[in-house]
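Q: Sequence first, predicted coordinates after that:
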Amino acid sequence: MPYEWTTAPSGPDGQPRRMLSAWPHRSLPKAGFAAVVLGAFVFITIPLFGMLGTKVLWGLLPFAMLAIGALWWGIARSYKDGEILEELVIDAQMTHLSRRSARAAPQDWECNTYWLRPQMHPKGGPVPAYITLSGKGRVVELGAFLTEGERKTLFGELLDLLKDIKAAPPA
């Protein structure tokens with residue numbers, strides 16, 4: 001799954017903290033990126049071998065290279081857009097959510113854990129099983145880039161964690 005729960009270092013009050021790190025799934029690894037571009041280059045240039053020594057080659061070659069360049073740019077842009085990391089840190093006192101993206105300014109949100117209200121919107125959100133966190137007068141989204149099944153699993157884990165944190169006696 002493209003998210004994981006870890007135990008973060010204890011806060012100043014000595015309370016244990018749990019941290020969620022979530023990122024988009026990568027369906028094409030970097031090695032696959034190189035293979036796709038190389039494969040496209042080979043398949044585009046094979047028909048051009050029959051044109052060697054003719055003026056037609058010079059008419060088709062720029063368009064073939066433009067297609068390879070467009071493919072390279074499109075996949076590289078997709079990689080850059082997918083450089084998202086959401087980190088949710090929860091302890092008995094505070095909850096802090098940060099979102100880092102390559103194409104946007106960092107976004108941070110925090111609220112008192114007692115007042116934190118996670119919600120799942122089965123319909124009506126930008127994606128099915130949309131997860132939001134509300135508190136301190138704001139509503140923020142969590143893991144919108146995850147699959148529907150991953151969001152449902154994450155929501156259950158989040159509810160269990162909050163139940164455990166709120167049931168624990170204060171230190």
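A: Everything's here; your move. Numbering: from 1, shown residues only.
Q: Give me the pLDDT value at the closest residue to Thr147 other than its chain neighbours.
A: Excluding its sequence neighbours, the residue lying closest to Thr147 (C-beta to C-beta, 6 or more residues apart in numbering) is His25, at 7.4 Å. From N, CA and C alone the C-beta is placed, and that goes for glycine too. Here the pLDDT value assigned to His25 is 87.
Q: Equivalent analysis for Gly11, please.
A: 65.
Q: from memory Cys111 sits against Thr95, does it?
A: Yes - contact criterion C-beta atoms under 8 Å: Cys111 and Thr95 qualify, at 5.7 Å.
Q: neighbour-wise, which of those two wins?
A: Under the criterion of other C-beta atoms under 10 Å, the comparison of Cys111 against Thr95 puts Thr95 first, with 25 against 19.
Q: Could I get the contacting residues of that one?
A: Leu88, Val89, Glu110, Cys111, Asn112, Thr113, Leu116, Leu133, Gly135 (C-beta atoms under 8 Å, 6 or more residues apart in numbering).
Q: just Ile68 next, same as before
A: Contacts for Ile68 were tallied using C-beta under 8 Å, 6+ apart; they are Val37, Ala40, Phe41, Ile44.
Q: For Cys111 and Thr95, list the residues in contact with both.
A: Residues touching both Cys111 and Thr95 (C-beta under 8 Å, 6+ apart): Leu133, Gly135.
Q: Where helices are concerned, which of the contacts of Ile68 count?
A: Residues of the contacts of Ile68 located in helices (DSSP state H): Val37, Ala40, Phe41, Ile44.
Q: Could you tell me how many residues sit around the first one?
A: It stands for Val37. Around Val37 there are 16 other residues, counting by other C-beta under 10 Å.
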